[in-house]
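>>> coords below, sequence missing:
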């Protein structure tokens, strides 16, 4: 059973590093950001053959395929921003790039 689950596109997308979490991998697939051998696949449970494993990439029509896309900029997923309370003003913009110090 475990071998079958490890062949799912959602699992392999996460393991290849195209998404930071399995949940994000599922979202990328459903929204059409992932392709297998040049074909857009929108089914997270699609069983990937061994020959197709190396052909899992961002779909060329997806904005995420661009190396400069914000999702691909940091090594860690962005932490959700806390909602400001009262009249404190907007939260500061997150830094793009390396890890935060502090």
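Nice, thanks for sending it over. As the structure is a computational prediction, the values presented were derived from the model and not from experiment.

>>> When you work out contacts or count neighbours from here on, use the C-alpha atoms and nothing else.
Noted.

>>> Not including adjacent chain positions, what is the nearest residue to the most centrally placed residue in the chain?
Centroid check for the chain by CA atoms, centre = their mean gives residue 19 as the closest residue, at 2.8 Å. Distance criterion CA to CA, 6 or more residues apart in numbering; nearest residue to residue 19, sequence neighbours excluded, is residue 25 at 5.1 Å.

>>> Which parts of this structure are helices?
Secondary structure of the chain (DSSP state H): helices located at 2-5, 9-15, 22-30.

>>> Figure out which of those helices is closest to residue 49.
helix 9-15 (9.7 Å; CA to CA).

>>> For residue 28, give me its contacts.
19, 34 (CA atoms under 8 Å, 6 or more residues apart in numbering).

>>> and if we set it to 7 Å?
By CA atoms under 7 Å, 6 or more residues apart in numbering, residue 28 lies in contact with residue 34.

>>> how near is it to residue 45?
13 Å (CA to CA, to the nearest Å).

>>> again, but for residue 66
Counting by CA to CA - residue 66 and residue 45 are separated by 25 Å.

>>> for residue 72, same thing?
Applying CA to CA to residue 72 and residue 45 gives a distance of 24 Å.

>>> How about the contacts made by the closest residue to residue 31 other than its chain neighbours?
Distance criterion CA to CA, 6+ apart; nearest residue to residue 31, sequence neighbours excluded, is residue 42 at 6.8 Å. Counting by CA under 7 Å, 6+ apart, residue 42 touches 29, 30, 31, 32.
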